[in-house]
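>>> any chance you could fold what I've pasted below:
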Amino acid sequence: MKRPNGIRPGDLVVSRNRKWNGLAHWVVPGRYLGEDECGHWLFQGTGEFISRPGAALYTQSDAVLLVPHTGDYAATFYDGEHPGGVRIYVDLALDFGWEQIRPGVFEFHMIDMDLDVIRNRDTGVYVDDEDEFAEHAAAMNYPPEVVDRVQTECDRILAAVQTNQTPFDGRDAAWFQLGRA
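Alright, predicted model coming up:
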């Protein structure tokens, strides 16, 4: 994905997710850190207010979000303080976009396609929400080519997380350090 025009390290980026049918999902603020060969990195610190319809909370650990240059996913890396033991949470997603709201404030948005690949310190690496993906595919009329595309990407990401392939190779540590500086 191309670098958003005018964005600089330290700029506020609000990540706004929605579902296939256009309904709102998670809204998470962060700070733009920069980019590498994998994509754009955002720091989402402890104590940030995040919300979705029906839920809101203050984050209990630091995270860095990777918006990849290519691929149908967004990956959130958590530090060791995540209360549920989550280390990597990959949302399978489509229709990525950036919008400048005003100088120094941007929005990143995507369609969350339900499937998630998770690495948890206690339960290992697994795919989550397969039931939700099947239910939404039927209820929201996902086209068959979209179902195939998301499932294929999910399989690819699962293998990459399981085998610590780029970008799941520990590079998030440097982005955490930069975000906390």
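
>>> use CA for all of it now, contacts and neighbours both
Will do.

>>> quick one: residue 93 from residue 106, how far?
Residue 93 is 19 Å from residue 106, where distance means C-alpha to C-alpha, to the nearest Å.

>>> strands of the chain, start to end?
In the chain, the strands defined using DSSP state E lie at 12-18, 24-35, 39-44, 49-52, 55-58, 63-68, 73-78, 86-102, 105-120, 124-128.

>>> centre-most residue in the chain?
The chain has residue 74 as the residue nearest its centroid, 3.4 Å off, counting by C-alpha atoms, centre = their mean.

>>> from residue 10, how far off is it?
Here the criterion is C-alpha to C-alpha. By it, residue 74 lies 20 Å from residue 10.

>>> mind listing what residue 46 touches?
Residue 46 makes contact with 58-63, according to C-alpha atoms under 8 Å, 6 or more residues apart in numbering.

>>> Throw the residues you listed into a markdown table and include pLDDT, distance to residue 138 and neighbour count, thanks.
Converted to a markdown table, the contacts of residue 46 look like this (pLDDT from 0 to 100; distance: C-alpha to C-alpha, whole Å; neighbours: other C-alpha atoms under 10 Å):
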| residue | pLDDT | distance to residue 138 | neighbour count |
| --- | --- | --- | --- |
| 58 | 96 | 33 | 12 |
| 59 | 95 | 33 | 17 |
| 60 | 94 | 35 | 14 |
| 61 | 95 | 35 | 16 |
| 62 | 97 | 35 | 20 |
| 63 | 98 | 33 | 26 |
